[in-house]
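1. Coordinates only, no sequence provided:
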């Protein structure tokens, strides 16, 4: 299976992983105060990687902020950078989670720790595939406003 043919299943897996987390976690955990903010809270957490320790040893692969637009002219034309791919991973999980949380009572929403765990489990497969994305597909995925728009970006 080629990397291109793996992209759509990987995005679908990200959505499924975030959407099934409460069922996998055993008993639901209370949502943090910021959980109601959905993708905005996840994006804010991504920009503040030092605010809390990752759920597992090592760096949380989903907390790096993307480089500032125009900060590296070559990066804007070539494949996504490692930091951009980490930002995409945060975005993918946030969109999947937002779609799922809309259907749950607030106390069953996944915690930020659980979302960080999802990103950590996805990173080994997600990041290499992301690094192989065409710039237009990456931009489409980063600009997706919901899970369906995200899945529509994959070839």
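-> Perfect, I can see it now. Predicted, not measured: the structure shown is a model, and the values here were computed from it.

2. For stretch 111-128, buried residues please.
-> Within stretch 111-128, the residues that count as buried by 16 or more other Cβ atoms under 10 Å are 111-112, 114-120, 122-123, 126-127. For the C-beta atoms, the positions are set from N, CA and C on the backbone; glycine is no exception.

3. List just the nearest of the residues you listed to residue 96.
-> Nearest to residue 96, judged by Cβ to Cβ, of these is residue 118 at 8.6 Å.

4. where's that closest one, which helix or strand?
-> helix 112-131 (DSSP states H and E).

5. Tell me which other helices or strands that helix touches.
-> With contacts taken as 3 or more Cβ pairs under 8 Å, 6 or more residues apart in numbering; DSSP states H and E, helix 112-131 sits against helix 3-24, helix 39-47, helix 82-101.

6. With pLDDT added, can I get the buried residues of stretch 111-128 in CSV?
-> Listed next are the buried residues of stretch 111-128 as CSV, based on pLDDT from 0 to 100:
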residue, pLDDT
111, 90
112, 92
114, 92
115, 92
116, 93
117, 93
118, 92
119, 93
120, 93
122, 92
123, 93
126, 92
127, 93
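
7. quick one: which of those is nearest residue 153?
-> Using Cβ to Cβ, those come closest to residue 153 at residue 126, 14.3 Å.

8. Can you get me a residue count around residue 99?
-> Residue neighbour count, defined by other Cβ atoms under 10 Å, stands at 18 for residue 99.

9. now the closest residue to it other than its chain neighbours: how far from residue 113?
-> Nearest non-adjacent residue to residue 99, counting by Cβ to Cβ, 6 or more residues apart in numbering: residue 147, 4.4 Å away. Distance of residue 147 to residue 113, given as Cβ to Cβ, to the nearest Å: 22 Å.

10. Go through the helices and strands packed on helix 112-131 and find the least confident stretch.
-> Ranked on mean pLDDT, the bottom entry among the helices and strands packed on helix 112-131 is helix 39-47, at a mean of 40.

11. for residue 103, phi and psi?
-> phi -100, psi 0 (degrees, to the nearest 10).
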